[in-house]
Each structure stands twice: as C-alpha cells, then as structure tokens.
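Engineer: Provide a 3D model corresponding to the input given below.
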Amino acid sequence: MSRASDNTKGSDPEAAAWLVRLDSDGQARTRDAHEAWLAEDECHARSFERAEEVWSMLPRAAAQSRVAESHGPKAASAPRWAMAACAALVMLAGAFILTRLPGNETFQTAPGEQAVERLADGSTASLDTMTRLSVEFDDTRRTLTLDEGEAVFDVAHDADRPFIVRAGKLQVRAVGTRFVVRHVGTDTSVTLLEGRIAVSRLDEDGRAEPVPIARGGRSLRTGERLRLTVDGEARSDRRAIEDVAAWRRGRVVFDDVPLGEAVSELNRYGGERLAVGADIAGLAISGSFSTADPASFAEAVSALHNLDVRKSGQTLVIESPLTQN
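Structural biologist: Modelled structure (predicted):
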C-alpha cells in the first residue's frame, strides 16, 4: 500500500511537525505513528534529535533574554537567535501539518493488495484491491474522495464534523455509522451496513442534490445498496450483509452478474488473467469465488455452462465450444 508524499523538503520539517503534534496530542495512536516514522529512515531520528535540541531552547529563551539584556547586546544575541530559530521551526511545522500529517493523506492499494487504514479522527477505512482514497480533514468536516475502487468506512462519531465520502457523482454524508462505497468504472454505489446516512448526487458544479431512496424517499436500510446508473438514475436493491464486502474474506460474490463483468472484477485482484468470448460475455453468473484463484473460477463456470477454457499466453480464455469450430 502506498501513500502519496513529497520528500523534497527533507526530513527536518517533518521532525518539526512531529514535535508540534506530540506536544499537542499525546494519544497512543499518535505516539505509535511517530515511532513508525522514526523507523522508516535513520535520518528521521537524527532530524528529530536536532529539532528537540532547538525546541528545548524555547521555554528558556524568553527568561534568558531578559537577563541577558542587562549584560549587553552580545549576551542577548544567543537567546534571541534561539527564539527566532524556534519561531521558524514552528512556522515550518504548521505548513507541514497541513500537507503531510494524518488528516490530509492519500492511500492507494495495488492489484491484489488490501489495507486497513486508521484515520486521524479514529475512523477506519478498509481498502479493497486497486483503490485510491484521498482524505482531507479540518475543524468543520471530514472529506474523503474515493477516486476508484471500493472501501468500507467505519466512522467515528463526531456530531460537529460530518464524515463525507465522494465517489464520482455520488456523495455520502454520515456522523457515526458503517457503510461501503464502490466506484469501479461505471459502477458507483453505496451499501449501508449500520446506522444512517444521507445520499446525494453531485451535479457538474459539485453541488449536492439529495437522492430519494427507492419509493417514498425513505432512508437506506441495513444491507440495502443504492446505485447510480450511467444516465444519473438511482436504483436500490438488497444484499446479504456477509456478501457486501466478501473481498475482506478473500471472496467475491456474484448474483446474476454478466460473465464479462465477473471476469473484469476478478482481474482486479491480480493473479492469472481471465478473458471471455464476446458471444458469452452476457451469460449470467452466480456464486461465491476466491479472489486468489481465477483458474478455479474459470473451471467452475466452464463445467456449469458447458464452456471451454484454453490458455493463451498468460491468459485463461473462457469461450464457447462453437468458437473453436
């Protein structure tokens, strides 16, 4: 799992930022994150030691300056330098916190990779394969953008800061709840696992328009999924809770899904690649399959529907027997 970052400024500003954060936030997860940062590179520890040396001057500098003034300008120069250095350090830290510390991050998983990320507010985001999630938190709201992929959000309650997830033209607003958002190709949906959420459609200017759920404008119920179609319509259906994020157990569940779509979904998880003949791409497929074993999927589908599977380079091609005649 990779995180977007910019190391061109070196590790000294990062060390300054960690000092500010540790001074104002003594929570265990902050200390753990700091230890992880120190372990990333030997230069991080050296930078942090330097920052601590300068930081330690700050509480002494003002008092020393008043005493030193009585001894002339040379004696006062050192305390003034320390105060100036610390001021610069804090300014660097402030700028760095806005751009790098947890709360403003980007998480990304590679094909076949999954990750569980604990966010700065205590919420968690479980990312499926080939998922990219941007996080921007401030004092008034928690905003996340699912650029692609699928994620389960377990939201920490904070009535003063709504938790907002945007995916394509879909927007989900919550305070404390659990839900799944998917944005893969033209498939954009949200499924409620627990609690309540408000769902909106974003227009071209980014304005949110509430989406009436199914008939009567009622709220989503547990296990209910709302999907935005290509033409902008909203449709809802129900799914078994255990099937909603089956990928967390290494499974993918299809319920009358066209074979072509099922193959595309399995290909997102890496491993042996699958392809399907155009004449059978619309064949409806149902069942639970391992995301780590595409070959077993191909064998099961071919046996059930009397199809053939052949090897073409590094790809398994599922096709009708008639294709070879």
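Engineer: going by C-alpha atoms from here, please, whenever you check contacts or count neighbours.
Structural biologist: OK.
Engineer: could you list the low-confidence segments of the stretch 201-325 of the chain?
Structural biologist: Counting by pLDDT under 70, the ranges of the stretch 201-325 of the chain that qualify are 213-218, 232, 323-325.
Engineer: my error: substitute the stretch 1-150 of the chain in the last question.
Structural biologist: 1-13, 20, 23-26, 52-103.
Engineer: strand partners of the helix or strand hosting S286, parallel vs antiparallel please.
Structural biologist: If you go by DSSP states H and E, S286 is part of strand 284-290. Using DSSP bridges, strand 284-290 pairs in its sheet with strand 251-258 (antiparallel).
Engineer: buried residues in whichever strand or helix holds V116, which are they?
Structural biologist: Taking DSSP H and E as the definition, V116 sits inside strand 115-118. Neighbour-count burial for strand 115-118 flags A115 (criterion: 16 or more other C-alpha atoms under 10 Å).
Engineer: just checking, what packs against the helix or strand following that strand?
Structural biologist: Toward the C-terminus, strand 115-118 is succeeded by strand 124-127 as the next helix or strand (DSSP H and E). If you count contacts as 3 or more C-alpha pairs under 8 Å, 6 or more residues apart in numbering; DSSP states H and E, strand 124-127 packs onto strand 115-118, strand 142-154.
Engineer: most tightly surrounded among these?
Structural biologist: Greatest average neighbour count among these goes to strand 142-154 (a mean of 22), per mean count of other C-alpha atoms under 10 Å.
Engineer: would you tell me what the next helix or strand after that one is?
Structural biologist: Later in the chain than strand 142-154, the nearest helix or strand by DSSP H and E is strand 163-167.
Engineer: now that following strand: how far from the chain's centre is it?
Structural biologist: In terms of C-alpha atoms, centre = their mean, to the nearest Å, the centre of strand 163-167 is set 11 Å apart from its chain centre.
Engineer: try stretch 139-158
Structural biologist: Distance, stretch centre to chain centre, for stretch 139-158: 8 Å (C-alpha atoms, centre = their mean).
Engineer: what sits against the residue nearest the centre of the chain?
Structural biologist: The residue lying closest to the centre of the chain (C-alpha atoms, centre = their mean) is L133, at 3.5 Å. Counting by C-alpha atoms under 8 Å, 6 or more residues apart in numbering, L133 touches T106, F107, Q108, L144, T145, L146, D147, E148.
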